[in-house]
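S.K.: Pasting the sequence and the predicted coordinates here, then a few questions.
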Amino acid sequence: MVDIRVRFAPSPTGDLHIGGVRTALFNWLFAKNKNGKFILRIENTDELRSTEASTNVILDIMNWLKLNWDEGPGNELSKYAPYYQMERRDKGIYQTYVDKLINSGFAYRCYCSIKEVDEMRKNAQNNKLSPRYDGRCKNLTLIQIKQKEAEGKKAVIRFKMSNVGITVLNDLIRGRVEFDNSLLGDFVIMKSNGTPTYNFACVVDDYLMEITHVLRGDDHISNTPRQIQIYDALGWRIPEFAHLSMILGHDGTRLSKRYGHTSVLEYRKEGYLQETLLNYIALLGWSTENSQQIFTIEELIENFSIERCGVSPSTFDPAKLLWLNGEKIRSKNPDQVYELFVDWLKYTNNEKLIEEWDVNLLKKAIILEHDKIKILKDIPSLVGFFFKKDIEYNEKAVQKVLLSDKSKNIAKLVLVESALRLLNQQDFSSSALEQYARELALEKGLKTGQVFHPIRVAISGKTQGPSLFHMMELMGQNEVIRRINIAINKFFKK
RNA sequence: GCUCCCAUCGUCUAGGGGUCUAGGACACAGGAUUUUCAAUCCUGCGACACGAGUUCAAAUCUCGUUGGGAGCACCA
């Protein structure tokens, strides 16, 4: 049996978006599931738009997501290297096969200008025909070629498509798809500057890298008949193809900035976990028989199969991603959440927070608020008040709980009493504090809430937060009293 | 315009002739719990695009219509 070899072949012309990551993930899962090899190849033959920065972003994202490649950038000694197409071009790899195709009559030089080709296409469209190159340079004589060269014209190389019969794609996901050969024109495989085009470079590399399965987005379906004909012309075995359905944005077209982020990096910045992204994205276009939602990476690998990939496009749903991230964080223990948070702070250049904040206090605060954390970005707003010397009083909270006509006298009473009594509180555990607060309520004829709420706002500045007595216990006696006094001075001293 | 792909709750999906008064998950609504916000638990809302055909029987098969998407570059 041949070893499975798959590849992810992004072009570094912008941020890797969700769709790109999905393609990478499915290839990776397939390779892992089949014990095959996952190869990363950078298709940078678009000299105008490819950038090194974009390449680095892709590599960063792959690393962050832990979609580790068995071969690719960094494996320069591999027998399949290099993995950058421009380096492969410089080695003359594509030229070799272009020459072969020309010599065997499957490709030819074309001297038509871009303008000419454009006109051809427009004419065809006006006549309701399939837009295609009409093949006018197909049978140029040697003399004509010499003449064009003498005029200083530069040639592109076109592949001679068969124009009779059909080309059949047996797609692993979609089944049999037929293409009418008469509709497909001869296409450019090498630009006039000697750089191969996608359809050609892709075939040559997939062959040379011994790729067995091509998993890619279904936007490539219509490229496939061209590629199949190149394989045939070169006498190469055709790999298996599997075309994944597209991931759409909210508006039904593509992922847009307005709805969810285009770039995966944005999710990292917000504090989504790597495993959340992978789990969620796996669910877009793949499912199990029992519709399981939450998977560990291992489970994903174990269960993945091309057969269970869907054919219809799916829409990215940020709300579900958020829910899933909460689930993932809840499934961690507090120490792991702490580590994740620290890594995230470093990534977002906020590591000074770790220096300012007491680590032990932070770890305990995370335990208190663990269930509420949806994304790592939530943590500072959830527990930040523990660490700030100056309490940030939320105006609404203060108005409602401390200063409204209905509450102000009670709040003042509760705080003043507490400032005094807590000084003598021997046991500052949460249960003892609760007992204290309930007794105070009973003694003064108040409802428990009338005692609890003012204390909460006084010491945290807000109405929402961890369970009150755990919060007080964690803050400690001195700090609680200090904060209550601050509140008294601020709101009740005239 | 031409070609190809696709069509189950708002969203992701299960289901692939009878077990479907269509299952799960997110979201949404209500309730329980709670000192607050969450989390959790319970309940509810909610879909087979339409039309023909095949069949005893269609969400499921076929054709058509409509709708959506992609490709048609010296982009990938």
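M.R.: Looks like it arrived, so ask away.
S.K.: Let me see the contact set for A:V117.
M.R.: A:V117 makes contact with A:Y133, according to Cβ atoms under 8 Å, 6 or more residues apart in numbering. Any C-beta I mention is one placed from the backbone N, CA and C, and that applies to glycine too.
S.K.: remind me which residues of the stretch 1-150 of chain A are low pLDDT?
M.R.: By pLDDT under 70, the weakly predicted segments of the stretch 1-150 of chain A are A:1.
S.K.: Need the residues that contact stretch A:205-222.
M.R.: Outside stretch A:205-222, the residues that touch it by Cβ under 8 Å, 6+ apart are A:2-7, A:9, A:19, A:23, A:26-27, A:30, A:36, A:39, A:41, A:71, A:80, A:85, A:88, A:93, A:169, A:171-172, A:174, A:177, A:179, A:231, A:234, A:236, A:239-246, A:306.
S.K.: correct me, but A:P334 touches A:I366?
M.R.: Yes - shown here, A:P334 and A:I366 form a contact pair, counting by Cβ atoms under 8 Å, at 5.1 Å.
S.K.: can you pull out the helices in the stretch 201-350 of chain A?
M.R.: For the stretch 201-350 of chain A, the helices defined by DSSP state H, counting those that start in this stretch cover A:224-234, A:264-270, A:274-282, A:297-303, A:318-330, A:334-347.
S.K.: and among those helices, the most buried is which?
M.R.: Using mean count of other Cβ atoms under 10 Å, the stretch among the helices of the stretch 201-350 of chain A with the largest mean neighbour count is helix A:274-282, at a mean of 22.
S.K.: name the helices or strands packed onto that one?
M.R.: Packed against helix A:274-282, as judged by 3 or more Cβ pairs under 8 Å, 6 or more residues apart in numbering; DSSP states H and E, are the following elements: helix A:18-33, helix A:297-303, helix A:318-330.
S.K.: what's next to that helix, contact-wise?
M.R.: Here helix A:274-282 makes contact (Cβ under 8 Å, 6+ apart) with A:18, A:21-22, A:25-26, A:29, A:64-66, A:264, A:267, A:294-297, A:300, A:304, A:320-321, A:324-325, A:328.
S.K.: go again using 6 Å as the cut-off
M.R.: With contact meaning Cβ atoms under 6 Å, 6 or more residues apart in numbering, helix A:274-282 is reached by A:V21, A:R22, A:L25, A:W64, A:L65, A:F295, A:I297, A:L300, A:L321, A:L324, A:N325, A:K328.
S.K.: Can you show me the CA trace of it as PDB?
M.R.: This file holds the C-alpha atoms of helix A:274-282, laid out as PDB (Å, rounded to 0.1, in the frame of the first residue of the first chain):
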ATOM      1  CA  GLN A 274      -6.100  26.800  19.400                       C
ATOM      2  CA  GLU A 275      -8.200  23.700  20.100                       C
ATOM      3  CA  THR A 276     -11.400  25.600  19.900                       C
ATOM      4  CA  LEU A 277     -10.600  26.900  16.500                       C
ATOM      5  CA  LEU A 278      -9.800  23.400  15.300                       C
ATOM      6  CA  ASN A 279     -12.800  21.800  16.900                       C
ATOM      7  CA  TYR A 280     -15.200  24.400  15.600                       C
ATOM      8  CA  ILE A 281     -13.700  24.500  12.100                       C
ATOM      9  CA  ALA A 282     -13.800  20.700  11.900                       C
END
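S.K.: quick check: angle from that helix to helix A:334-347?
M.R.: 90 degrees (axes from the mean of the first three to the mean of the last three Cα atoms, to 10 degrees).
S.K.: does RNA strand B sit close to helix A:274-282?
M.R.: No - Helix A:274-282 stays clear of RNA strand B (Cβ under 7 Å from any atom of the strand), getting no nearer than 8.3 Å.
S.K.: picking up where we left off before, is it possible to mark the buried ones in the contacts of stretch A:205-222?
M.R.: Buried members of the contacts of stretch A:205-222, counted by 16 or more other Cβ atoms under 10 Å: A:4-7, A:9, A:19, A:23, A:26-27, A:30, A:36, A:39, A:41, A:71, A:80, A:85, A:88, A:93, A:169, A:171, A:174, A:177, A:179, A:231, A:239, A:241-246, A:306.
S.K.: Quick check: which of those are also close to RNA strand B?
M.R.: Counting by Cβ under 7 Å from any atom of the strand, A:A9, A:R174, A:V177, A:F179, A:S245, A:M246 from the buried ones among the contacts of stretch A:205-222 sit close to RNA strand B.
S.K.: would you list those residues in JSON lines and tack on distance to A:Q477?
M.R.: Below are those laid out as JSON lines (distance: Cβ to Cβ, whole Å):
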{"residue": "A:A9", "distance to A:Q477": "62"}
{"residue": "A:R174", "distance to A:Q477": "68"}
{"residue": "A:V177", "distance to A:Q477": "73"}
{"residue": "A:F179", "distance to A:Q477": "78"}
{"residue": "A:S245", "distance to A:Q477": "60"}
{"residue": "A:M246", "distance to A:Q477": "59"}
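S.K.: and of those residues, the nearest to A:E355?
M.R.: Using Cβ to Cβ, A:A9 is the member of those that sits closest to A:E355, with 42.7 Å.
S.K.: Touching, the closest one and A:R41? I think so.
M.R.: Yes - between A:A9 and A:R41 there is a contact under Cβ atoms under 6 Å: 4.5 Å.
S.K.: Spit out the residues that contact those two alike.
M.R.: Joint contacts of A:A9 and A:R41 (Cβ under 6 Å, 6+ apart) do not exist.
S.K.: from memory A:V414 sits against A:V451, does it?
M.R.: Yes - here A:V414 lies in contact with A:V451, judged by Cβ under 6 Å, at a distance of 5.3 Å.
S.K.: From what I see, A:H453 and A:V401 are in contact.
M.R.: Yes - if you go by Cβ under 6 Å, A:H453 and A:V401 touch, sitting 4.9 Å apart.
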